[in-house]
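Student: Next comes the sequence, and after it the predicted model I'd like to discuss.
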Amino acid sequence: MLGRARAPSHAWAPWIAEARALGILATPLILTQLAQMAIFTTDVIMLGRLSKTALASAAIGNTVFYFAWLIGGGPAAAVSPMIAHILGERAGNRGGVRASLRMGLWSVAICSLPMMAVLWFAGPILLALRQDPVLAEGAGKFVGMLSFGLPFSLGYMVLRNFTTALGKPRAGLWVMGLTIAFNALAGYTLIFGHFGAPRLGIVGSGIATASSAAFSFVAMLAIIGATPSLRAYRMFRRFHKPVTVKLAEVFRLGLPIGLSMIFEAMLFNSMTLVMGTFGATSLAAHQIAINIASITFMVPLGVGMASTVRVGLATGAGDKRGAQRAGLTAMAMGVGFITVCGVILALFGGQLASLYLAGRARSDLQVIAMAALFLKVAAAFQVFDALQVVAGQSLRGLKDARVPMLIAAGCYWLVGAPICLFLGLTLHMQGFGIWIGLAIALGAAAVALCGRFAMLMRR
């Protein structure tokens, strides 16, 4: 009888231990993602106070910059699963970890230089896309300054993935906390011309954001140098010498990751442009609902990033059950949290949306009502979003990137985009139809990515 009574507890012990390990690793990552959103929000607030034109110019400029960042972000993201596999196979393999880190930084240099050259022509690119000439001119100036921050932003991502894979995720959190203050002070000084600095407006915002990226990179280097367990990897030893095998792996794994992110981002950006054709009310409601959903999404994203490391460590060690347990536990944690958030969005969407608008004119109330409707869709939308991001990140831990890239292309552009356009335009459901289409796209991606993970675990 005693043996039978203890069996369930013993059977659940590995799952509980995995959930604890995931939680410890994921919590700083979640807070780091929220801190990055705080930096973006600070920029939006200050530019909004400068002028609506500046805010709109920065919005379209950021779209161009984000596309360039995603191209380099894929190879940078590959560093985490590569190091996790190395440490899972043989703990303390400093040479292998150092080679992966060095080649990750090499990939930043390789990707950044051509992307920076493209970003310097952001103004003409936006004009070619038939954007407003005034906004395109402002965006070109903004992105021109912002481009200098691209290599530092990607470099910070590589260093953060290095520290995370080594079980030190708080390093990135500390840096982001400092960067929030640095960015706010730099933006306040350069945008509005305080403390004797010239009033540079939107150009000052670009300089401040680029400077903040450089600050975060240098701060990460300082923390790594001040932490004995991280400093021991001697990241700059023989830095000038290429490791061809590792560099090839960074791009072989990273480019499909980057393309997967681009396919998803392009769908949402494209639908935002379509939403703009329905009028200012629909677009404003869409932006509010997306922003609220993005905040809650940071939790499953952080859990997914932790699952990359946990799955990678288990896979590197040849522990198939451990890899499966890590992935499934992460999916359960992400969906569990987002389900609670979904209930809140469904019940209190109007109250949340009202926080974004100070006025109570008829037009404001229409925006709030429409945003509340979108947030009801988001209640289901985010369950799928949590599943697809955690499953996708778990597959990265298995170094599986090409098939997830094809899944992203198919689900977002062969399924999602046509349904969005059919419901929104053909059936005249407008914004509500767009949001239903986005939910279907994410649902298809969630099913396909979870199925892919289950298939690989059965092999």
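Tutor: Sure, I can see it.
Student: element containing the nearest residue in space to Val243 that is not next to it in sequence, please.
Tutor: In this structure, Val243 finds its nearest non-sequential neighbour in Ala99, 4.3 Å apart by Cβ to Cβ, 6 or more residues apart in numbering. Heads up, the C-betas are built off the backbone N, CA and C, glycines and all. Using DSSP states H and E, Ala99 sits in helix 94-119.
Student: Can you tell me how far Ile407 is from Val335?
Tutor: Distance of Ile407 to Val335, given as Cβ to Cβ, to the nearest Å: 19 Å.
Student: and the two? which has more neighbours close in?
Tutor: The residue with more neighbours, out of Ile407 and Val335, is Ile407; 23 against 20, by other Cβ atoms under 10 Å.
Student: and the gap between the more buried one and Ile39?
Tutor: Applying Cβ to Cβ, the value for Ile407 to Ile39 is 31 Å.
Student: do the same with Arg90
Tutor: Arg90 is 37 Å from Ile39, by Cβ to Cβ.
Student: Tell me which of these two has more neighbours.
Tutor: Comparing Arg90 with Ile39 by other Cβ under 10 Å, the one with more neighbours is Ile39, at 21 against 10.
Student: Skipping adjacent residues, who's closest to the more buried one in space?
Tutor: Using Cβ to Cβ, 6+ apart, the closest residue to Ile39 is Asn183 (5.1 Å).
Student: per-domain residue ranges of the chain.
Tutor: If you go by automatic domain parsing, the domain ranges for the chain are 27-242, 256-459.
Student: what's the closest of the ones you listed to Ala17?
Tutor: In terms of Cβ to Cβ, the element of these nearest to Ala17 is domain 256-459, at 9.2 Å.
Student: can you tell me the distance between the two ends of the closest one?
Tutor: Using Cα to Cα, to the nearest Å, one end of domain 256-459 lies 22 Å from the other.
Student: quick one: contacts of the helix or strand where Pro418 lies?
Tutor: Assessed by DSSP H and E, Pro418 sits inside helix 417-421. Contact with helix 417-421 is made by 267, 270-271, 274, 433-434, 436-438, 440-441, as judged by Cβ atoms under 8 Å, 6 or more residues apart in numbering.
Student: Try it again at 7 Å.
Tutor: Residues from elsewhere that reach helix 417-421 (Cβ atoms under 7 Å, 6 or more residues apart in numbering): 267, 270-271, 433-434, 437-438, 440.
Student: again, but for stretch 19-38
Tutor: In contact with stretch 19-38 (Cβ under 7 Å, 6+ apart) are residues 164, 169-170, 172-173, 176-177, 180, 294-295, 298-299, 301-303, 305-307, 309-310, 329-330, 333.
Student: and if you look at stretch 185-200?
Tutor: Contact with stretch 185-200 is made by 42-43, 46, 50, 201, 204-205, 207-208, 211-212, as judged by Cβ under 7 Å, 6+ apart.
Student: again, 6 Å this time
Tutor: Stretch 185-200 is contacted from outside by 46, 50, 204-205, 207-208, 211, using Cβ atoms under 6 Å, 6 or more residues apart in numbering.
Student: Out of these, give me the two with the largest separation.
Tutor: Leu50 and Ser211 (17.7 Å).
Student: Reduced to three states, what does Arg199 come out as?
Tutor: Following DSSP: H, G, I helix; E, B strand; the rest coil, the label given to Arg199 is coil.
Student: quick one: it from Ile191, how far?
Tutor: As for Arg199, its distance to Ile191 is 8 Å (criterion: Cβ to Cβ).
Student: These two: which is more packed in?
Tutor: The neighbour comparison of Arg199 against Ile191 (other Cβ under 10 Å) goes to Ile191, with 25 against 13.
Student: For Leu355, give me phi and psi.
Tutor: Phi and psi for Leu355, reported as degrees, to the nearest 10, are phi -70, psi -20.
Student: separation between it and Thr32?
Tutor: Distance from Leu355 to Thr32, by Cβ to Cβ: 24 Å.
Student: Look at the two and report which has more neighbours.
Tutor: Per other Cβ under 10 Å, whichever of Leu355 and Thr32 has more neighbours is Thr32, with 24 against 10.
Student: That one: which element?
Tutor: helix 2-50.
Student: I'd like the average pLDDT over that helix.
Tutor: Helix 2-50 carries an average pLDDT of 79.
Student: and Ala445, how many neighbours?
Tutor: 28.
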